[in-house]
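Novice: Here you go, sequence then predicted model.
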Amino acid sequence: MDSYPNKFKRLIIPLTVTVICLYGLYLRMLILNDHEFWADEYAYLRQMTGSFGDLLKNIPNEEFCSYLSGDIYLVYPFFKIAPYNKWVLAIPHIIATVAGFYVLYLLAKRYLTTLSAYLITFTVVCLNGTLMHHATEIRPYAVLPTLALACLYFSLELVEKGQTMSGKRRWCIGAFFVMVLWFHLYGLLTLVFPIAFALFTKIGDKSFKSILLYTVKFLLIVFFVAAPLWLVSVFGPHLPRGGDSYGFSTYMFIPNPFTDSVGFLKAIFGNLVGRKNLYFLLVFMLTPFLLSYKERFQQIAFLLILVLVPVGVLFVLDVAHNYFFVQRQFIWTMPFFALFLGWSFDSFNSYLQQRPFCRKIFKGGI
């Protein structure tokens with residue numbers, strides 16, 4: 001039988017994570033308690049006042065991504081139960097937030113080894129101001145982080161077990177991927193980049209070609225199923241996005257990187273870590289770039305593929321459409337960044353413990 005200390009060690013991480021997540025949920029409840037609907041939320045909810053048929057008919061005139069508005073369908077039943085009741089309308093978003101905490105924990109078990117790394121990851125996610133705000137707002141941004149985390153979890157499973165997993169499991173993952181593509185226009189990014197990282201982890205594997213071929217075939221089926229509604233929503237009638245006539249400017253909220261590169265970087269990484277008193281954790285972002293260890297290149301790829309490149313793509317698209325660039329657009333990358341910081345801390349800690357001088361310190365030898 002396991003000794004009491006071993007049982008305690010096994011339990012301390014999930015217990016600590018649970019406490020942090022409960023505290024994060026409590027903070028969201030405080031925000032919800034003080035929350036008042038603002039203009040965009042009222043416009044969002046007014047679409048739901050009629051029948052479901054009216055909703056479907058009017059969506060192309062009200063939404064930038066037309067029928068790719070999964071959050072409206074998610075909130076609609078709750079609106080019919082209690083119109084304009086903020087606590088009832090927030091239920092699907094709070095459920096999505098809790099589900100996101102759980103999926104993040106499943107991913108953390110894959111990459112993290114120390115209690116400190118879990119503390120960093122879940123503290124950054126649970127206390128992130130942007131994540132907290134949008135978890136209580138009646139708009140789609142509460143759900144996107146959870147969808148992105150689930151996409152990474154299932155993408156890793158797909159490339160590792162795809163050819164051996166059961167048909168039922170494949171169908172479930174495929175259906176989930178279709179739902180992600182239909183949920184929001186950003187669903188394409190939240191799916192493609194996690195799959196790209198999952199495939200990257202298999203580069204160098206003897207069976208990489210067969211994994212790549214299987215994954216591409218699987219995704220072709222997913223895109224084939226999702227394509228009709230996606231194409232109609234993107235290229236059919238929808239509310240125009242951007243343009244001077246709307247008074248939008250790309251740099252309304254985040255500085256222009258070509259005139260204020262420091263301000264731009266502060267805005268990006270400040271929002272990614274989410275709270276000023278946690279900015280010191282950004283130092284661990286440098287770990288894989290400065291130190292040499294086994295998983296450093298996978299960590300760099302994680303940061304690039306799941307955080308920096310998506311943010312860059314969104315920025316370029318906003319510039320091209322003269323639409324404002326704002327943190328809610330890359331909210332779905334924030335849990336990935338938190339996980340990266342925890343993982344990098346683990347590597348930093350492990351690297352130090354492998355140095356002879358540091359081993360003496362850890363053993364109380366100096």
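Specialist: Noted; the coordinates are in hand.

Novice: element containing Phe64, please.
Specialist: For Phe64, there is no host helix or strand (DSSP states H and E).

Novice: neighbours of it, just the number please.
Specialist: As a burial measure, Phe64 scores 17 neighbours (other Cβ atoms under 10 Å). Yep, even glycine has a C-beta here, placed from its N, CA and C like the rest.

Novice: Equivalent analysis for Ala301, please.
Specialist: Counted with other Cβ under 10 Å, Ala301 comes out at 16.

Novice: distance of it from Thr215?
Specialist: As for Ala301, its distance to Thr215 is 17 Å (criterion: Cβ to Cβ, to the nearest Å).

Novice: you'd agree Thr97 is up against Leu147?
Specialist: No: at 12.0 Å, Thr97 does not count as touching Leu147 under the criterion of Cβ atoms under 8 Å.

Novice: For the chain, which helix or strand comes out least confident on mean pLDDT?
Specialist: helix 356-362 (a mean of 56; mean pLDDT, DSSP states H and E).

Novice: Glu67: what's it in contact with?
Specialist: That one is not Glu; residue 67 is Tyr. Residues near Tyr67 by Cβ atoms under 8 Å, 6 or more residues apart in numbering: Leu56, Ile59, Pro60, Trp182, Leu229, Val232, Ser233.

Novice: how about Thr49, secondary structure?
Specialist: coil (DSSP: H, G, I helix; E, B strand; the rest coil).

Novice: all helices in the stretch 51-200 of the chain, in order from the N-terminus.
Specialist: Applying DSSP state H, counting those that start in this stretch to the stretch 51-200 of the chain gives helices spanning 52-62, 70-81, 86-89, 91-111, 115-127, 129-136, 144-161, 167-183, 187-200.

Novice: okay, the ones you listed in TSV with distance to Tyr323 and mean neighbour count next?
Specialist: Putting these into TSV (distance: least, Cβ to Cβ, whole Å; neighbours: other Cβ atoms under 10 Å) gives the following:
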stretch	distance to Tyr323	mean neighbour count
helix 52-62	17	14
helix 70-81	19	17
helix 86-89	26	17
helix 91-111	24	18
helix 115-127	27	22
helix 129-136	18	22
helix 144-161	17	23
helix 167-183	20	17
helix 187-200	15	22
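
Novice: Between those, which one is closest to Phe297.
Specialist: Distance to Phe297, taken as Cβ to Cβ, is lowest for helix 187-200 among the helices of the stretch 51-200 of the chain, at 9.4 Å.

Novice: Send over the closest one as PDB, restricted to the C-alpha atoms.
Specialist: This file holds the C-alpha atoms of helix 187-200, laid out as PDB (Å, rounded to 0.1, in the frame of the first residue of the first chain):
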ATOM      1  CA  GLY A 187     -13.000  28.700 -34.900                       C
ATOM      2  CA  LEU A 188     -10.900  28.100 -37.900                       C
ATOM      3  CA  LEU A 189      -7.800  29.400 -36.100                       C
ATOM      4  CA  THR A 190      -8.600  27.700 -32.800                       C
ATOM      5  CA  LEU A 191      -8.700  24.400 -34.700                       C
ATOM      6  CA  VAL A 192      -5.900  24.800 -37.200                       C
ATOM      7  CA  PHE A 193      -3.100  26.000 -34.900                       C
ATOM      8  CA  PRO A 194      -3.600  23.200 -32.300                       C
ATOM      9  CA  ILE A 195      -3.500  20.600 -35.000                       C
ATOM     10  CA  ALA A 196      -0.400  22.200 -36.400                       C
ATOM     11  CA  PHE A 197       1.300  21.900 -33.100                       C
ATOM     12  CA  ALA A 198       0.200  18.300 -32.500                       C
ATOM     13  CA  LEU A 199       1.700  17.400 -35.900                       C
ATOM     14  CA  PHE A 200       4.900  19.200 -35.000                       C
END
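
Novice: Show me what it is packed against.
Specialist: For helix 187-200, the contact count by 3 or more Cβ pairs under 8 Å, 6 or more residues apart in numbering; DSSP states H and E identifies helix 144-161, helix 167-183, helix 208-235, helix 296-303, helix 309-321 as packing neighbours.

Novice: For the closest residue to Val103 other than its chain neighbours, give me its contacts.
Specialist: Using Cβ to Cβ, 6 or more residues apart in numbering and skipping the chain neighbours, the partner closest in space to Val103 is Leu149 (4.3 Å). By Cβ under 8 Å, 6+ apart, Leu149 lies in contact with Gly100, Val103, Leu104, Leu107, Pro335, Phe336.

Novice: Please report the distance of the fourth one from Val309.
Specialist: To Val309, Leu107 is 19 Å away according to Cβ to Cβ.

Novice: Could you report the neighbour count for Phe223?
Specialist: The burial count for Phe223: 15, using other Cβ under 10 Å.

Novice: Nearest residue to it in space, ignoring adjacent ones along the chain?
Specialist: Leaving aside its chain neighbours, Phe223 sits nearest to Leu181 (7.6 Å; criterion: Cβ to Cβ, 6+ apart).
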